[in-house]
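Undergrad: Generate coordinates for the sequence data below:
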Amino acid sequence: MSAELDLIWKALADPTRRQILDCLRNGPVTTGALCAQFEMSRFGVAKHIQVLTECGLLIEERRGRERWNHLNAVPLAQATQRWLTSFQSQWSSRLIGLGAYLQENPQMPSNSRLSLNIRQQIDFAVSPARVFSGLTSEINQWWGASFRQTGLGSQLVLEPEIGSAMVEFGSDGHAVVWARVEEIKPNQRLYLAGRFAVEGAVAGRIHFDLEDLGASGCRLTLAHQAIGDIPEELTAKFNAGWRELIGVQLRQYLMGE
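TA: Numbers count the residues shown, from 1 in each chain. The predicted structure is shown next:
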């Protein structure tokens, strides 16, 4: 184990230092405000702050005469990655990216702006195989122009293969990678990872799960999650956008309307 990891685990072994990190979970706090929350001298609290700063779990920022303390989750994620499953490791790496972003932009956003979490279910009167094909190789045929990033005349490509990118190619040479395929089970499951045009997102996942309903068709469950400094109004915008894209445009395309 590296010396850097030794410092992290040694810092976390002390309950006072863990309490200090807990105090910073909802945003930065001044040193004076931190000291007021502990029944010990200011010098004692300052020593704990110094230990957390030296191992990278805490970032100090000077604003005039005040010192603001920011929680930095990056080293903790790095320290625990070696024990995570491959799925958890993928999310951990994205959280490290978020931590790096927050370190560069220490004005912490409110918790309400740190995530996007959307879930919808839509029933189709066609087979799961037909919907799966529509979501992948036929995506350019129904994905509306108002939901594209590079303007009119662009082409969307998404091949149902692990690692394949959902790419939009603009007519002027502008190209955008929306996401990449992380998991696939033909006619049942398609999982993508990427920012997916979410403003402020540093990572995201889009899940499409298909349930066979027999003669009546199938049910598509959509889950879209993202983390980052995401404007609050985007949740409503993406909720409405997915309803239009999947519930109207994809449905009409599959039904030949």
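Undergrad: what ranges of the stretch 101-250 of the chain fall below the confidence cut-off?
TA: Scanning the stretch 101-250 of the chain for pLDDT under 70 picks out 101-114.
Undergrad: can you give me the helices for it?
TA: 128-135, 233-244 (DSSP state H, counting those that start in this stretch).
Undergrad: who does the last one touch, helix- and strand-wise?
TA: Applying 3 or more CB pairs under 8 Å, 6 or more residues apart in numbering; DSSP states H and E, we find helix 233-244 packed against strand 115-124, strand 218-228. C-betas here are computed from N, CA, C, even on glycine.
Undergrad: now do 6 Å
TA: Packing contacts for helix 233-244, counted by 3 or more CB pairs under 6 Å, 6 or more residues apart in numbering; DSSP states H and E, involve strand 115-124.
Undergrad: Next: the shortest one.
TA: Helices and strands in packing contact with helix 128-135 are listed as strand 201-212, strand 218-228; criterion 3+ CB pairs under 6 Å, 6+ apart.
Undergrad: so what pLDDT did the residue lying farthest from the centre of the chain get?
TA: For the chain, the largest distance from the centre (CA atoms, centre = their mean) belongs to residue 41, which lies 39.9 Å off. Model confidence at residue 41, given as pLDDT, is 91.
Undergrad: Let me see the backbone angles for it.
TA: Here is the backbone geometry of residue 41 (degrees, to the nearest 10): phi -70, psi 160.
Undergrad: how near is it to residue 64?
TA: As judged by CB to CB, to the nearest Å, residue 41 and residue 64 stand 24 Å apart.
Undergrad: what's the answer for residue 30, then?
TA: From residue 30 over to residue 64 (counting by CB to CB), the distance is 11 Å.
Undergrad: If you count surrounding residues, which of the two has more?
TA: residue 30 (15 against 5; other CB atoms under 10 Å).
Undergrad: ok but residue 4 is inside a helix, no?
TA: Yes: membership of residue 4 in a helix is supported by DSSP: H, G, I helix; E, B strand; the rest coil.
Undergrad: Can you say which of the helices of the stretch 101-250 of the chain is nearest to residue 224?
TA: Nearest of the helices of the stretch 101-250 of the chain to residue 224, taken as CB to CB: helix 233-244 at 6.5 Å.
Undergrad: Dump the helices and strands packed on helix 128-135 into CSV; add distance to residue 127 and mean neighbour count as well.
TA: Converted to CSV, the helices and strands packed on helix 128-135 look like this (distance: least, CB to CB, whole Å; neighbours: other CB atoms under 10 Å):
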stretch, distance to residue 127, mean neighbour count
strand 201-212, 8, 19
strand 218-228, 6, 20
